[in-house]
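*Asks:* Give me coordinates for this.
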Amino acid sequence: MAVSTKSSPPPPRRRRWNSLQAREARLAWALVLPTALIVFGLVLFPAIFSIWISFCDVTLKNLGDVFHAPFVGLKNYQGVINDFAFEWQGFQSWGAAVTSVVYSFAATILTVALGLVASLLLNRPFKGRGIARALFLFPYVAPIVSVAFVWRWILDPRPSGVLNDVLMRLGLIDLPQAYLATRGLALVLVIIFEAWRYFPFAMLMILARLQALDATLYEAAEVDGATTLQKFWYVTLPELRYVLGSIFLLRLMWTFNKFDDIWLLTGGGYGTNVLPVLTYQFSFKSFNFGKGAANAMLLLLILLVFLIAYVRIVMRDTEEA
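*Replies:* Next comes the predicted model:
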């Protein structure tokens with residue numbers, strides 16, 4: 001009697017494990033896993049940890065045993081709202097939340113306006129346009145520490161400060177002025193600094209859209225007798241509305257979350273204390289990490305409002321277009 005030498009086929013589960021699709025899936029997970037671990041360790045875990053300690057009393061006393069910190073509920077949030085963040089004493093003194101809103105909206109509007117003007121200028125052909133575009137990018141690509149200290153040198157309150165020296169030589173002022181130490185003026189100056197530093201970002205986005213516009217639109221407008229201002233109002237602006245909306249909301253969210261610009265210029269003093277700076281002050285000056293985390297969560301909630309507005313307004317309009 002002959003004995004068959006054929007081996008029995010592998011079980012279905014083993015066949016699926018060794019299939020090409022399963023091997024590709026395992027390779028994909030192996031490639032994604034390092035990045036996933038980094039994102040979890042550097043982004044997700046700190047975010048979840050911040051939410052947790054915002055409901056706990058975490059100070060230097062129990063920092064070594066933070067996982068057993070006493071739970072205090074909404075006490076940290078009440079302290080932030082009642083003490084500093086949302087205080088209001090008229091237009092002469094307001095809290096960090098109002099300052100953040102004023103600073104973010106004013107700086108964003110000025111950033112978009114400067115970017116629009118710069119893009120319109122650089123969209124026209126002229127000699128040295130490439131060099132001009134490179135120079136316009138300098139504020140955006142230069143290190144923040146360098147440009148901040150240059151501005152502080154220009155606005156130095158001593159007579160040796162650049163602005164004070166020029167104005168005193170011209171006879172416009174008699175004594176040196178402390179520009180960054182004057183309430184109201186300091187906020188205006190950090191708004192101007194923010195707009196000057198980030199208008200190249202808006203300029204690049206707008207310029208890319210301008211160069212993609214159909215030239216026949218302007219030719220038709222010229223045939224109809226439209227002036228330069230009319231072509232800008234009825235042709236250019238409608239074509240730029242989506243990119244302008246995207247830039248405005250993105251820059252608004254980024255500016256609202258900015259810490260380094262204001263901290264390097266004023267340290268959050270003289271009416272420039274915003275929520276990100278307040279988070280640092282709670283955590284690393286008062287060493288009340290629970291209150292600092294609560295302030296950060298309030299900042300996150302406000303940013304979520306901006307994010308929802310961005311998704312519902314800009315993204316929906318882009319899809320409909």
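*Asks:* my guess is Leu121 is in a helix, correct?
*Replies:* Yes: using DSSP: H, G, I helix; E, B strand; the rest coil, the assignment for Leu121 is a helix.
*Asks:* So it versus Leu229, what's the distance?
*Replies:* 16 Å (C-beta to C-beta, to the nearest Å). Backbone N, C-alpha and C define where each C-beta goes, glycine included.
*Asks:* ok, these two, which is more surrounded?
*Replies:* Using other C-beta atoms under 10 Å as the criterion, Leu121 and Leu229 rank with Leu121 on top: 14 against 8.
*Asks:* Number of residues surrounding Lys258?
*Replies:* Neighbours around Lys258, by other C-beta under 10 Å: 22.
*Asks:* Quick check: phi and psi on Thr266?
*Replies:* Dihedral pair for Thr266: phi -130, psi -10, per degrees, to the nearest 10.
*Asks:* Could you do Thr59 as well?
*Replies:* Per degrees, to the nearest 10, the backbone of Thr59 is at phi -130, psi -170.
*Asks:* who are the neighbours in contact with it?
*Replies:* Each residue near Thr59 by C-beta atoms under 8 Å, 6 or more residues apart in numbering is listed here: Phe287, Asn288, Phe289, Gly290.
*Asks:* among those, which ones are buried?
*Replies:* Among the contacts of Thr59, those classed as buried by 16 or more other C-beta atoms under 10 Å are Asn288, Phe289, Gly290.
*Asks:* Sort out which one of those residues lies nearest Gly73 for me.
*Replies:* Nearest to Gly73 among these: Gly290, at 10.8 Å, using C-beta to C-beta.
*Asks:* Touching, that closest one and Trp52? I think so.
*Replies:* No: using C-beta atoms under 8 Å, Gly290 is not in contact with Trp52, being 9.8 Å away.
*Asks:* residues near Gly271, how many?
*Replies:* The number of residues near Gly271, taken as other C-beta under 10 Å, comes to 20.
*Asks:* Spell out for me which residue occupies the centre of the protein.
*Replies:* Trp254 (1.3 Å; C-alpha atoms, centre = their mean).
*Asks:* State the distance from that one to Gly292.
*Replies:* 21 Å.
*Asks:* now the strands for the stretch 51-200 of the chain?
*Replies:* Counting by DSSP state E, counting those that start in this stretch, the stretch 51-200 of the chain has no strands at all.
*Asks:* any weak-confidence spans in it?
*Replies:* Residues of the stretch 51-200 of the chain that meet the criterion pLDDT under 70 lie in 83-94.
*Asks:* For it, which segments count as helices?
*Replies:* Assigned by DSSP state H, counting those that start in this stretch, the stretch 51-200 of the chain shows helices spanning 75-80, 96-122, 129-136, 138-141, 144-154, 162-169, 185-210.
*Asks:* Identify whichever of these lies nearest to Asp57.
*Replies:* That would be helix 75-80 among the helices of the stretch 51-200 of the chain, by C-beta to C-beta, at 7.6 Å.
*Asks:* Can you give the contact residues for that closest one?
*Replies:* By C-beta under 8 Å, 6+ apart, the list of residues contacting helix 75-80 reads 54-57, 278, 282, 288, 290-291, 293-295, 297-298.
*Asks:* run the last query once more with 6 Å
*Replies:* Ser54, Gly290, Lys291, Ala294, Asn295 (C-beta atoms under 6 Å, 6 or more residues apart in numbering).
*Asks:* same deal with stretch 104-121?
*Replies:* By C-beta under 6 Å, 6+ apart, stretch 104-121 touches 136, 191, 194-195, 198-199, 202-203, 206-207, 210, 247-248, 251-252, 255-256.
*Asks:* now that stretch, how far from the centre of its chain.
*Replies:* Distance of stretch 104-121 from its chain centroid, counting by C-alpha atoms, centre = their mean, to the nearest Å, is 15 Å.
*Asks:* Report the buried residues of that stretch.
*Replies:* So, applying 16+ other C-beta under 10 Å, buried residues of stretch 104-121: 104, 106-108, 110-112, 114-116, 118-120.
*Asks:* Now for Glu194: which residues touch it?
*Replies:* Contacts of Glu194 by C-beta under 6 Å, 6+ apart are Ala107, Asp261.
*Asks:* Relative to Phe136, how far out is the residue nearest to Tyr140 when sequence neighbours are not counted?
*Replies:* Leaving aside its chain neighbours, Tyr140 sits nearest to Pro200 (3.8 Å; criterion: C-beta to C-beta, 6 or more residues apart in numbering). From Pro200 over to Phe136 the distance is 6 Å, taken as C-beta to C-beta.
*Asks:* of the two, who's got more company?
*Replies:* The residue with more neighbours, out of Pro200 and Phe136, is Pro200; 23 against 20, by other C-beta under 10 Å.
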